[in-house]
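Enquirer: mind looking at a prediction? Sequence and model below.
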Amino acid sequence: MQTYRLTRDIQVEEDFDVLVAGGGPAGSAAAICAARLGAKVLLAEATGCLGGMGTSGLVSTFGPVSDGKRMLVGGFMRELVLSMHQRGSLGPHVVPEFLHSQLNRWVPFRPEELKRLLDEMAQDAGVEVRFFTRVIDAEAKDKRVEGAIISNVEGYRFIRAKTFIDATGDAALADLAGAECRVILRDIEAVAPSTLCSLFAGMNWGDPAYGDAISMRPTRSKGRLRDYRRSRRARLCNSNSRSSPRTATRNRQSQLAARWEGTALNPSHLS
């Protein structure tokens, strides 16, 4: 494989106490809390928003934060969740008991609201945030990081700081600095399947085009949800007694698609 040696003189910035690589949940918390304690912080985020997969990936739910008796989280996370609840940024069905006294309650939130809140918290704390910025190299000596190179539309910068925090999610800074890392599909065979999250808006679920099965929304009761799934499967099978559930499902999807072609919700009907 051919290689190319890149040699450049780049600008040095050495006014920072802390460089945080990655503005996901961990990086945002680290940067904001460090700045609140008086440190001068630079937060480098590769995307155009803070929050990581919770915002740019639409993984829009917090895991349970209570053990059924009390709230388990504290510090920055507690402040974040309570602030979002106060602002009405959590799911419409989330009540304070979800956070303080109920067990295994997942807490959905609005991703755009989380973006705005993290922006406000970072700005109020005095964090310098640079979006669309990646750490692309690091200089380390005697197991200590002396500086890191960041890259964005303005070019390269060499950042000197007293402390470096890797919150990239991929150990990018740690790997560049020479730390021992394990790489998926190189050192680890098992890989978790990916999840594609999405949001839907402007949907009239009561429209006949979606069928009666969609309008029958499952309740929170596990028993009723099982009954719903069982009755749904029975309807699919009975629609064609000689078909398997999988075939019946495909038939049902074809029926809904045919209805969709004639409904006003179809974008092709919009002028």
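Expert: Sure, I can see it.
Enquirer: the helix or strand hosting Leu42: what's the following helix or strand?
Expert: In the assignment (DSSP states H and E), Leu42 maps to strand 41-44. Next helix or strand after strand 41-44 toward the C-terminus (DSSP H and E): strand 61-62.
Enquirer: quick check: next helix or strand after that next one?
Expert: Assigned by DSSP H and E, the successor of strand 61-62 is helix 75-86.
Enquirer: now for the very next helix or strand once past that following helix, which elements pack on it?
Expert: Of the helices and strands lying after helix 75-86 in sequence (DSSP H and E), the nearest is helix 96-100. Packing partners of helix 96-100 (3 or more Cβ pairs under 8 Å, 6 or more residues apart in numbering; DSSP states H and E): helix 75-86. In short, each C-beta sits where N, CA and C put it, glycine included.
Enquirer: got the domain ranges for the protein?
Expert: 11-60+110-176, 208-269 (automatic domain parsing).
Enquirer: out of these, which gets the lowest mean score?
Expert: Note on the domains of the chain: domain 208-269 shows the lowest mean pLDDT, a mean of 51.
Enquirer: now the helices: where do they sit in this structure?
Expert: For the chain, the helices defined by DSSP state H cover 25-36, 75-86, 96-100, 111-125, 172-176, 211-215, 222-238, 245-261.
Enquirer: just how off-centre is the strand holding Leu42 within its chain?
Expert: Here strand 41-44 is found 20 Å from its chain centre; the criterion is Cα atoms, centre = their mean, to the nearest Å.
Enquirer: how far away is the residue nearest to Met121 when sequence neighbours are not counted from Gly68?
Expert: Using Cβ to Cβ, 6 or more residues apart in numbering and skipping the chain neighbours, the partner closest in space to Met121 is Ile32 (5.2 Å). As judged by Cβ to Cβ, to the nearest Å, Ile32 and Gly68 stand 30 Å apart.
Enquirer: looking at the two, which is more packed in?
Expert: Ile32 (25 against 12; other Cβ atoms under 10 Å).
Enquirer: in contact with the more buried one, which residues?
Expert: If you count contacts by Cβ atoms under 8 Å, 6 or more residues apart in numbering, Ile32 has them with Phe76, Leu118, Met121, Ala122, Ala125, Val127.
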